[in-house]
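Peer 1: model this:
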Amino acid sequence: MGKLAGIEGVLKERGLEYSIERASKPMDAARIARAAATRQPEGIIAVGGDGTLFEIINGMIGSDVPLLFVSCGTGNDFVRTLKLPKDPVEALKCQLDAPVGRIDVGRMNELFFLNVAGTGFDVEVLRNAEKYKAKYTGLRTYLFGLFDAIRDFRPMTAFVSFDDGPEEEVSFSILSIGNGRYIGGGMKAVPDAKLDDGLFDVVTVRPVSKPAIALLIAFYIAGKHISIGLGRLRRCRKLSIRRPGMTVNLDGELFSADSARFELLPNALCVRVPGMKATPVSAASHTA
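Peer 2: Numbering: from 1, shown residues only. Predicted structure coming up:
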């Protein structure tokens, strides 16, 4: 694995102790991260895509161990918000040189996520994109999934509550809850979300007809859907969505839920990302 060799080269060059653990089955990365965090290393290096990050967060949440990102998945959407170098080894180097800071984490029911959650048309795109992941990476994978999803597209209606307020009946094409900004290999779903502001950015894209979906997606990819009036932005700490038989996207992973309760957890994850406010934390050694 070329990226792993590059990572080892950097760690050896800097004289850092490390061990390597490989996930071999679903949620294995969560188990590995949980065990690694109990040893209080100087950091855990996540080598993989958004699905790997989702598992690792659900294993190590609650610890003060910094998480570092070496992205080599299909979409790599979360790290786009961090604005790290595109080369994963260069991204690792600049993280090793950065002070420890903190970012927010989202929670849906009992699961945690870093990037974007939601329901609607994006769920159907993710379902259809699965069959293209073996052949393509990045935005192209999701565009093929998008074309397939249009055939069965229907707007949705759900009951939504913001910050424990009264439920509202909301109709939408896509409802996105953003801690990060990007989904689907670079689509700017939640264009102004920030990882350290203590708030979700919730974007509700209004219902559109099937022929208009292609136009919507063109604006959606560029993050212009709010500015042209196709999407509405609200910010909150908590959100609940109720719809029987609903499927929810958490960082690209799909889960069934009749009711989904979201909560933003401020400063819940330690990271080493340039530009983040420094936060003291104990340190020992690196785990990859």
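Peer 1: Am I right that residue 91 is in a helix?
Peer 2: Yes: inclusion of residue 91 in a helix is indicated when DSSP: H, G, I helix; E, B strand; the rest coil is applied.
Peer 1: Relative to residue 64, how far out is residue 268?
Peer 2: Counting by C-beta to C-beta, to the nearest Å, the gap between residue 268 and residue 64 amounts to 10 Å. For every residue, glycine as well, the C-beta is placed using N, CA and C.
Peer 1: go on, residue 181?
Peer 2: 26 Å.
Peer 1: Compare those two and say which is more crowded by neighbours.
Peer 2: residue 181 (24 against 16; other C-beta atoms under 10 Å).
Peer 1: quick one: contacts for that one?
Peer 2: The contact partners of residue 181, taken as C-beta atoms under 8 Å, 6 or more residues apart in numbering, are 80, 81, 116, 188, 189, 190, 191, 192, 193, 223.
Peer 1: So the last one sits against residue 188, correct?
Peer 2: Put plainly, it is residue 223. Yes: between residue 223 and residue 188 there is a contact under C-beta atoms under 8 Å: 3.0 Å.
Peer 1: Compare these two (neighbour count), which wins?
Peer 2: residue 188 (22 against 18).
Peer 1: Go ahead and confirm that one touches residue 218.
Peer 2: No: the criterion here is C-beta under 8 Å, and residue 188 misses it with residue 218 at 11.7 Å.
Peer 1: on that earlier part again, just the buried subset of the contacts of residue 181, please.
Peer 2: Listed as buried from the contacts of residue 181 are 80, 81, 116, 188, 189, 190, 191, 193, 223; burial here means 16 or more other C-beta atoms under 10 Å.
Peer 1: Show me where the stretch 1-150 of the chain dips below the pLDDT cut-off.
Peer 2: Scanning the stretch 1-150 of the chain for pLDDT under 70 picks out 1-2.
Peer 1: how about the strands of this structure, start to end?
Peer 2: 43-48, 67-71, 101-108, 111-113, 116-120, 156-162, 168-172, 174-178, 200-205, 231-236, 238-250, 253-271, 286-287 (DSSP state E).
Peer 1: need those in CSV with distance to residue 12, can you?
Peer 2: Output for the strands of the chain, formatted as CSV (distance: least, C-beta to C-beta, whole Å):
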stretch, distance to residue 12
strand 43-48, 14
strand 67-71, 15
strand 101-108, 26
strand 111-113, 32
strand 116-120, 36
strand 156-162, 50
strand 168-172, 50
strand 174-178, 38
strand 200-205, 40
strand 231-236, 44
strand 238-250, 35
strand 253-271, 23
strand 286-287, 11
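Peer 1: Looking at those, spot the one closest to residue 21.
Peer 2: Nearest of those to residue 21, taken as C-beta to C-beta: strand 286-287 at 7.2 Å.
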